[in-house]
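Undergrad: need a structure here:
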Amino acid sequence: MINLPKFLTCLLVTTIGLVLFAGPVQAETTAMESAYVFNTLLFLMCGFLVMFMAAGFAMLESGMVRAKNVGTICVKNISLYSVAGIMFYLIGYNLLYGIDEGGYLGSLSIWGGDDSALTADTPDFSGGYSSGSDWYFQMVFVATAASIVSGTVAERIKLWPFLGFVVLLTAFIYPIQASWVWGGGWLSAAGFSDFAGSTLVHSVGGWAALVGAILLGARAGKYGADGSVTPIPGSSMPLATLGTFILWLGWFGFNGGSQLALGSAIDAAAVADIFINTNMAAAAGVVAAMIATQLLYGKVDLTMALNGAIGGLVSITAEPLAPSIGQALFIGAVGGILVVLAVPLLDKLKIDDVVGAIPAHLVCGIWGTMIVPLSNSGTAFGTQFLGVVSIGAFAVIASAIGWMLLKFTVGIRVSEEEELNGLDKSELGIEAYPEFTR
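TA: Presented below is the predicted three-dimensional model:
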């Protein structure tokens with residue numbers, strides 16, 4: 001016969017023991033699950049902001065080109081984003097993250113995200129975030145690098161050869177060099193630091209654009225035999241301004257999401273600091289560019305102010321967390337001034353950059369990467385220089401091979417007549433503004 005008091009006592013003790021043992025385990029699991037959810041949300045929301053930057057590039061470039069080329073610019077931007085996503089799925093992601101520690105090259109394979117651990121009897125949240133959210137966030141960065149090239153080579157490049165280069169850039173050039181740092185490759189082991197991509201995204205896009213512009217040549221009538229420069233005004237400065245504001249907005253996702261975590265109060269505070277520094281650097285870039293153009297030319301140049309904002313944003317991207325607000329203002333202001341100085345330098349070299357992407361992304365990307373040790377004591381100028389030079393050399397060589405293969409096979413430049421009539425007619429058969437095209 002059961003001794004009821006003893007049985008109840010044993011049951012009570014057992015229950016208390018289970019609660020005391022399971023309590024901390026359950027609390028830890030709940031905390032990990034919460035961090036998983038917030039980290040995944042950070043990637044998705046910031047990725048959404050970065051995706052919207054594609055619209056910013058499209059509007060900025062549409063405003064900077066002549067009306068007869070606006071439709072082609074829009075097609076280029078929506079198509080390059082689409083191509084980038086497909087190529088990053090097929091090749092790019094695993095080439096970036098399938099690299100051995102301290103290595104040089106990842107694996108050639110299709111990405112296949114695996115979140116099956118979440119549906120196990122005992123869910124495992126140790127991955128920290130959804131693999132799909134990570135793929136999406138990294139994919140929109142790839143598209144950004146391709147967008148940089150689009151504006152520089154506008155108004156004289158063929159559509160399909162351009163997209164052919166986008167395939168090369170997004171499937172191979174970008175993932176390989178990014179794997180050296182973000183994939184844990186040899187530059188990461190050497191101590192090189194690029195928080196959100198001043199070099200890995202913006203300088204690489206800038207190098208690819210520079211090589212393309214040199215091999216493509218300038219637009220007809222841009223440079224005279226006597227060295228004179230003929231200004232070619234864009235079709236819509238309001239549209240270009242809107243594009244810049246969209247890019248500014250998207251940059252909060254670009255830099256903020258690169259914190260890669262939102263699962264703790266410390267991470268949340270870090271994201272807030274990144275937002276502030278990003279905003280202040282952009283603001284300083286605008287003001288510095290306005291002051292510089294006023295002093296140099298006697299008037300404020302709107303296009304310089306717009307690119308000053310972008311230059312400030314690119315400059316802070318290599319390290320948006322560590323700087324004080326004062327340092328962020330300084331970094332962004334120098335970026336704005338560099339834009340103003342680099343634009344006429346390109347004209348002297350007869351390198352036709354339609355939207356000013358090379359000064360804003362390449363030059364300011366180098367500046368932002370080299371100044372990281374100012375605020376981040378864990379980095380060194382020598383290592384940063386090594387990263388800038390090695391990545392730059394790889395991007396230039398790989399881009400030159402790609403552009404030259406296209407140039408000497410299918411050709412990359414439209415005919416003089418097609419350029420004169422506008423690419424909307426020759427490439428699309430329609431016009432963005434049929435009522436008035438000049």
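Undergrad: and S34, how many residues sit next to it?
TA: Applying other C-beta atoms under 10 Å, we find 13 other residues in the vicinity of S34. C-beta here means a position set from N, CA and C on the backbone, and glycine is covered the same way.
Undergrad: what's the closest non-adjacent residue to it?
TA: G263 (6.8 Å; C-beta to C-beta, 6 or more residues apart in numbering).
Undergrad: residues contacting the one you found?
TA: If a contact means C-beta atoms under 8 Å, 6 or more residues apart in numbering, then G263 has 34-36, 38-39, 128 as its contacts.
Undergrad: PyMOL command to pick out the buried ones of the residues you listed?
TA: In PyMOL, the members of these classed as buried (16 or more other C-beta atoms under 10 Å) are selected with the following command:
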select buried, resi 35+36+38+39
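Undergrad: now, among the contacts of G263, which is nearest to K76?
TA: In terms of C-beta to C-beta, no member of those lies closer to K76 than N39, at 33.8 Å.
Undergrad: which element, helix or strand, includes the closest one?
TA: Take DSSP states H and E as the rule and N39 turns out to sit in helix 4-64.
Undergrad: please name every helix or strand in contact with the helix or strand just after that helix.
TA: Toward the C-terminal end, the helix or strand that comes next after helix 4-64 (DSSP H and E) is helix 70-87. On a contact count with 3 or more C-beta pairs under 8 Å, 6 or more residues apart in numbering; DSSP states H and E, helix 70-87 meets helix 4-64, helix 131-152, helix 159-168.
Undergrad: now render those as CSV, adding distance to V287 and mean pLDDT.
TA: As requested, the helices and strands packed on helix 70-87 are exported to CSV (distance: least, C-beta to C-beta, whole Å; pLDDT from 0 to 100):
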stretch, distance to V287, mean pLDDT
helix 4-64, 19, 76
helix 131-152, 23, 95
helix 159-168, 34, 98
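Undergrad: just these: most buried one?
TA: For these, average neighbour numbers computed from mean count of other C-beta atoms under 10 Å are highest in helix 131-152, which has a mean of 24.
Undergrad: how distant is that one from the center of its chain?
TA: Using C-alpha atoms, centre = their mean, to the nearest Å, the mean C-alpha position of helix 131-152 is found 6 Å from that of the whole chain.
Undergrad: and it, what does it pack against?
TA: When contacts are defined as 3+ C-beta pairs under 8 Å, 6+ apart, helix 131-152 packs onto helix 4-64, helix 70-87, helix 93-97, helix 159-168, helix 174-179, helix 204-216, helix 357.
Undergrad: let's see 6 Å
TA: With contacts taken as 3 or more C-beta pairs under 6 Å, 6 or more residues apart in numbering; DSSP states H and E, helix 131-152 sits against helix 4-64, helix 70-87, helix 204-216, helix 357.
Undergrad: how about the CA coordinates for stretch 245-263, as PDB?
TA: Coordinates of each C-alpha in stretch 245-263 appear next as PDB, following Å, rounded to 0.1, in the frame of the first residue of the first chain:
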ATOM      1  CA  PHE A 245      18.400  61.500 -50.200                       C
ATOM      2  CA  ILE A 246      17.400  57.900 -50.900                       C
ATOM      3  CA  LEU A 247      21.000  56.800 -50.800                       C
ATOM      4  CA  TRP A 248      21.500  58.700 -47.600                       C
ATOM      5  CA  LEU A 249      18.500  56.900 -46.100                       C
ATOM      6  CA  GLY A 250      19.700  53.500 -47.300                       C
ATOM      7  CA  TRP A 251      23.100  54.000 -45.800                       C
ATOM      8  CA  PHE A 252      21.700  53.600 -42.300                       C
ATOM      9  CA  GLY A 253      20.900  50.000 -43.300                       C
ATOM     10  CA  PHE A 254      24.300  49.600 -45.000                       C
ATOM     11  CA  ASN A 255      26.300  50.700 -42.000                       C
ATOM     12  CA  GLY A 256      23.900  49.800 -39.200                       C
ATOM     13  CA  GLY A 257      23.300  46.300 -40.400                       C
ATOM     14  CA  SER A 258      27.000  45.700 -40.500                       C
ATOM     15  CA  GLN A 259      27.000  45.600 -36.700                       C
ATOM     16  CA  LEU A 260      25.600  42.100 -37.500                       C
ATOM     17  CA  ALA A 261      23.800  41.800 -34.200                       C
ATOM     18  CA  LEU A 262      20.800  43.300 -32.300                       C
ATOM     19  CA  GLY A 263      20.400  40.700 -29.600                       C
END
